[in-house]
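# Give me a 3D structure for the following:
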Amino acid sequence: MNAKHSFLHKPQWLNNRYFLIATVFYIAMFVLGSMRVLEHTLIWTFNDKLLHFTAYFFLTGLVYIGLGSRPSGQLFLPRVLWSLIIVSGAGALDEFAQAFVGRDSSFDDWLADTAASITLLMLISVGHVFLVLLAQYRDQKDEE
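Predicted structure coming up:
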C-alpha cells in the first residue's frame, strides 16, 4: 500500500464497533449523569446503585467483546483482566469528573461499577470453563 494513502485508513480500534458502542454509551452515561434534573428523577425512581450496576454490567460486556471475538486459550485471562481494568478505571474517572460538574462523587458508586464488572466477568469465566470442559468431554466421547 502506498504510504501517502495510509492516512485514509482508520486506526484499528476505530474498526471495532464494540469499543465504539462502549465509548458512545459511556459518554451518554456521563452526559446524562451530569444533568441534575435527571439525577434526582432517576434516583427517586430507581436505586442509584442498581443504575450503576446495570450500566457498568452492560459496559463490561461491550468492552469484553471488543477485546476479542471469542475467548481462546492463553488470551482469555488477559482479556478478562483488561476488561476489569478498563471498566473499573472508567468508573473511577466518572466519579472523579463529577466534582467538576457540581455532583458529589461516591466511593460506593465506584464499588457498584466495579462489582458489576467483576460479576459479569465471573459469569463469563464460569461459562468459559464449562465450555472447555464440555469440549474435552465431547472429544473424549468421540475417541471412544
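# Tell me the spatial nearest neighbour of residue 25, not counting adjacent residues.
Using C-beta to C-beta, 6 or more residues apart in numbering and skipping the chain neighbours, the partner closest in space to residue 25 is residue 59 (6.1 Å). The way it works is simple: take the backbone N, C-alpha and C, and place the C-beta from them, glycine included.
# Can you tell me which helix or strand of the protein has the lowest average pLDDT?
Among the helices and strands of the chain, helix 36-45 carries the lowest confidence by mean pLDDT, DSSP states H and E, at a mean of 60.
# The most centrally placed residue in the chain sits in which helix or strand?
Nearest to the geometric centre of the chain sits residue 60, at 1.9 Å (C-alpha atoms, centre = their mean). Using DSSP states H and E, residue 60 sits in helix 48-66.
# Same check on residue 114?
Element membership for residue 114, per DSSP H and E: helix 107-143.
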